[in-house]
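S.K.: coords please:
(one chain, ligands or ions: 1)
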Amino acid sequence: MANIGLFGGSFNPVHMGHLILAEIARTEAKLDQMLFVPAKEPPHKIMRRLAPAEDRLRMTELAVEDNDYFQISEIELKREGPSYTLLTVRELRDRLETGDNLFLVVGADSVHEMPDWWHAKELVREIPIIALRRPGYPMGNLEKVRAEFGDEAVEQIQELAVETPLLQISSTDIRKRIRTGRTIRYLVPDKVRAFILENQLYKEAEI
Ligand code: ATP
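M.R.: Have a look, this model is predicted:
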């Protein structure tokens with residue numbers, strides 16, 4: 001019986017912030033495994049220039065390979081159509097061993113956006129949420145979340161929320177740094193940096 005965290009993202013590219021947050025969430029929430037799930041076409045980022053899926057996957061593999069608790073699922077890359085979280089959760093759950101528990105790990109900002117997600121009510125009913133709370137950025141009163149999902153859901157989110165350090169690292173900033181010839185050393189794992197350089201990723205202007 002294992003507790004498994006599902007950590008989705010575009011990982012375009014994966015960075016030290018992702019790894020730090022995933023490790024903290026894993027230990028604080030006592031998860032046995034953190035599953036990184038690279039998204040194919042994140043529904044809310046459809047206009048953004050994404051590196052090819054196989055490159056984002058490879059970078060994520062390189063980033064997690066020295067942590068035995070970190071694994072990757074290609075489930076969203078292999079599925080046709082947009083990467084709706086509810087579909088991912090259902091598909092992953094079908095593959096779990098009996099007794100395994102799945103938890104959805106989301107940034108605190110994303111919690112507020114959840115009411116707009118595809119079939120969000122079902123999602124919240126079907127999987128416990130682990131919100132990553134940033135210091136200085138309280139999750140607020142979660143009124144929209146409460147109105148949409150009810151008191152019980154808000155209580156669950158507050159109960160399982162994990163305090164994380166404030167990390168000003170983002171894939172957007174990393175891509176911009178690459179485009180403008182600035183360093184990304186220590187912002188991404190060394191192997192990821194080498195992969196980006198070798199494959200000349202993120203050099204072109206974004207659309
Ligand atoms: P982008 O800059 O392209 O939007 P990102 O750095 O936010 O990307 P994603 O792959 O979208 O990376 O992130 C996956 C998850 O990790 C999201 O839930 C996002 O909110 C969270 N996340 C990423 N970076 C941070 C950070 N520095 N602090 C807190 N949460 C983060």
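S.K.: Enumerate the residues of this protein near the ligand.
M.R.: 9-12, 17-18, 21, 106-107, 109-110, 132, 167, 169-172 (Cβ under 6 Å from any ligand atom). Just so you know, the C-beta spots here come from the backbone N, C-alpha and C atoms, and that holds for glycine as well.
S.K.: Throw together a ChimeraX command that grabs the buried residues out of the residues you listed.
M.R.: In ChimeraX, this line selects whichever of those come out buried by 16 or more other Cβ atoms under 10 Å:
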select :9,10,11,12,17,18,21,106,107,110,132,169,171
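S.K.: Could you list which of the residues of the chain next to the ligand belong to helices?
M.R.: 17, 18, 21, 109, 110, 171, 172 (DSSP state H).
S.K.: Turn those into TSV, columns for pLDDT and distance to residue 120.
M.R.: Below are these laid out as TSV (pLDDT from 0 to 100; distance: Cβ to Cβ, whole Å):
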residue	pLDDT	distance to residue 120
17	97	25
18	97	23
21	97	22
109	83	15
110	88	11
171	96	24
172	95	25
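S.K.: The residue located most distally from the centre of the chain in helix, strand or coil?
M.R.: Computed with Cα atoms, centre = their mean, the residue of the chain farthest from its C-alpha average is residue 181, at 26.7 Å. Secondary structure, DSSP: H, G, I helix; E, B strand; the rest coil: residue 181 is coil.
S.K.: where's it relative to the ligand, distance?
M.R.: Distance of residue 181 to the ligand, given as Cβ to the nearest ligand atom, to the nearest Å: 19 Å.
S.K.: now residue 180
M.R.: Computed as Cβ to the nearest ligand atom, the residue 180 to the ligand distance reads 16 Å.
S.K.: okay, now that residue: neighbour count?
M.R.: Per other Cβ atoms under 10 Å, the neighbour tally for residue 180 reads 7.
S.K.: Just the pLDDT for it.
M.R.: Here the pLDDT value assigned to residue 180 is 96.
S.K.: Pick out whichever of the ones in helices among the residues of the chain next to the ligand sits closest to residue 118.
M.R.: residue 110 (13.5 Å; Cβ to Cβ).
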